[in-house]
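# I would like to see how this sequence folds:
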Amino acid sequence: MKVGVIMKQTFDTEEKIIIHNGIISEEGVKFVINPYDEYAVEEAIRLKENAGGQVVAISVGPPRCAEALRTALAMGADEAILITDDRIPHDEYAVSVVLAAYFADNPFDLILGGNFAIDTGAGQVAVRLAELLQLPHVSSITKLTFISVERVQVERDAEGDLELLELDLPALFTAQQGLNEPRYPSLPGILKAKKKPFQQLSLDDVGIDPNDVQAKTNRAELFLPPVRAAGQILQGDLPEQAAKLVGLLHITPRPGGTSL
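Residues are numbered from 1 along each chain as shown. A predicted model of the protein is given here:
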């Protein structure tokens, strides 16, 4: 079985976001595999360990994404593909078109990805990719079980409920928290990763005209939330504090309405 994992490199969740002139600063920032994509990588590796096969990690992004792909190799993936080209815009539509071009020439039995990326929260790439490849797709899965070589059963998190679905392969699934617990790369795994196949491709290599990957969205503005006002410590005895608190919480009544 051949399993492809689409993955993205994102800021470490502990990093502080700094914006200069409408652009997020990457200076000194630590990048990691998108946390939801980690579940996809881990699930693919477990499938390989249980039933054999090959796991290929694929990413579309800048050259720095190589670090995340090498982490996937250290975890246990067999091969990594980085499609990087300055002509690819930072747009979910464009990324899905590039991935679809790669998968069209490199078919897989199963494609896994994260439910969404924590930096944009869009959750569009996998859905668009499934549509372009005309593959069945189930998002936000928390369990994947093989019924036969060509048929699987998945459990899907449905906003507090649980959906149970069965479908034939090939198919595409996105991982939700709870699917598994991703492993940490071991020292032997890190050493082996250096010898595993790693390809870097461009738009020309996957046969795409740059005019076919023009962004469908445009970022109008990017800014941080307003700084929170400093807290207040109320002075005086309890009745005085209560009176001050009521004053602070007072809301001017709307016409025909009441205040707090």
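
# Give me the below-cutoff pLDDT ranges for the protein.
251-260 (pLDDT under 70).

# For the top strand by length along it, buried residues please.
Longest among the strand segments of the chain by residue count, using DSSP state E, is strand 137-148. Going by neighbour count (16 or more other CB atoms under 10 Å), the buried part of strand 137-148 is His137, Val138, Ser139, Ser140, Ile141, Thr142, Lys143, Leu144. Any C-beta I mention is one placed from the backbone N, CA and C, and that applies to glycine too.

# Do you have the strands of the stretch 151-260 of the chain handy? List them.
151-158, 161-168, 171-175, 198-201 (DSSP state E, counting those that start in this stretch).

# which outside residues touch the third one?
Under the contact criterion CB atoms under 8 Å, 6 or more residues apart in numbering, strand 171-175 has outside partners 36-37, 39-40, 43, 110-116, 123, 126, 129-130, 133, 135-141, 144, 152, 154.

# tell me the angle of that strand relative to strand 161-168?
Between strand 171-175 and strand 161-168, the angle formed by their directions is 150 degrees, by axes from the mean of the first three to the mean of the last three CA atoms, to 10 degrees.

# now strand 171-175: how far from the chain's centre is it?
Its chain's average C-alpha position is 12 Å from that of strand 171-175, according to CA atoms, centre = their mean, to the nearest Å.

# With the last one instead?
Offset of strand 198-201 from its chain centre (CA atoms, centre = their mean): 21 Å.

# cool, the first one as well?
On the basis of CA atoms, centre = their mean, strand 151-158 is displaced by 19 Å from the centre of the chain it belongs to.

# quick check: angle from the longest strand of the chain to strand 151-158?
Here strand 137-148 runs at 140 degrees with respect to strand 151-158, directions being taken by the same axes, to 10 degrees.

# Put the alpha carbons of strand 137-148 into CSV.
Provided in CSV are the C-alpha atoms of strand 137-148 (Å, rounded to 0.1, in the frame of the first residue of the first chain):
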residue,chain,number,x,y,z
HIS,A,137,-13.1,12.4,1.2
VAL,A,138,-13.9,12.3,4.9
SER,A,139,-12.7,15.1,7.1
SER,A,140,-11.9,15.2,10.9
ILE,A,141,-11.5,11.4,11.4
THR,A,142,-10.6,10.1,14.8
LYS,A,143,-10.3,6.4,13.9
LEU,A,144,-9.4,4.5,10.7
THR,A,145,-9.9,0.7,10.4
PHE,A,146,-9.3,-1.5,7.3
ILE,A,147,-12.2,-3.8,6.6
SER,A,148,-10.4,-5.3,3.6
